[in-house]
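> I would like to see how this sequence folds:
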Amino acid sequence: MERKTSVELPPIPSKRYFTIGEVGGLCAVKPHVLRYWEAEFPQLKPVKRRGNRRYYQRQDVILIRKIKSLLYEQGYTIGGARQKMSEGPGAASAINNSELNWLVRDLEKIIAKL
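Okay, the predicted model is just below:
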């Protein structure tokens with residue numbers, strides 16, 4: 001079975017908090033999917049403020065990209081992805097090629113600004 005190839009995601013801006021709409025755009029995932037993933041992945045806990053509005057931090061965006069990669073590119077089920085994420089620090093922090101590519105692009109843009 002052939003998996004979808006990763007769509008090039010935009011770099012993560014250097015902001016402290018992101019709304020659910022912004023995260024959806026940064027990760028190419030709809031907001032209802034993000035809310036569902038919050039229920040399925042205990043590691044994903046955005047800050048909730050006034051009116052139960054969600055505010056995601058940079059590490060949440062990185063985690064969402066990892067979850068998306070596990071589900072859509074590597075073919076894991078929700079249960080399999082949850083298990084993979086909870087296997088330990090080595091498993092959860094393993095960086096695949098697509099994540100490494102956007103990280104390098106992010107760093108190159110920062111260096112160019114300096």
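> hey, where'd the strands end up in this structure?
Under the criterion DSSP state E, the chain contains strands at 18-19, 47-49, 53-56.
> show the contacting residues for the closest residue to Arg65 other than its chain neighbours.
Computed as Cβ to Cβ, 6 or more residues apart in numbering, the closest residue to Arg65 that is not its neighbour in sequence is Cys27, at 5.6 Å. No exception for glycine: its C-beta is placed from N, CA and C like everyone else's. By Cβ atoms under 8 Å, 6 or more residues apart in numbering, the contact set of Cys27 is 9, 34, 61, 64-65, 68.
> so for the longest helix seen in the chain, mean pLDDT?
The longest helix of the chain (DSSP state H) is helix 97-113. In this model, helix 97-113 carries a mean pLDDT of 78.
> who touches that helix?
The contact list for helix 97-113, computed with Cβ under 8 Å, 6+ apart, reads 6, 8-9, 11-12, 14, 62, 65-66, 69, 73, 95.
> ok, of these, which come out buried?
Neighbour-count burial (16 or more other Cβ atoms under 10 Å) is assigned, among the contacts of helix 97-113, to 6, 9, 12, 62, 65-66, 69, 73.
> which two of those have the greatest separation?
Greatest spatial distance among these (Cβ to Cβ): Ile12 and Glu73, at 18.2 Å.
> I'd like the contacts of helix 97-113 laid out as TSV, including distance to Met85.
Output for the contacts of helix 97-113, formatted as TSV (distance: Cβ to Cβ, whole Å):
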residue	distance to Met85
Ser6	18
Glu8	23
Leu9	19
Pro11	23
Ile12	19
Ser14	25
Ile62	12
Arg65	12
Lys66	7
Ser69	11
Glu73	15
Ile95	14
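> which of those fall in helices?
Going by DSSP H, the helices hold 62, 65-66 from the contacts of helix 97-113.
> take the residues you listed and write them to a markdown table, including distance to Gly21.
Formatted as a markdown table, these follow (distance: Cβ to Cβ, whole Å):
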| residue | distance to Gly21 |
| --- | --- |
| Ile62 | 18 |
| Arg65 | 16 |
| Lys66 | 20 |
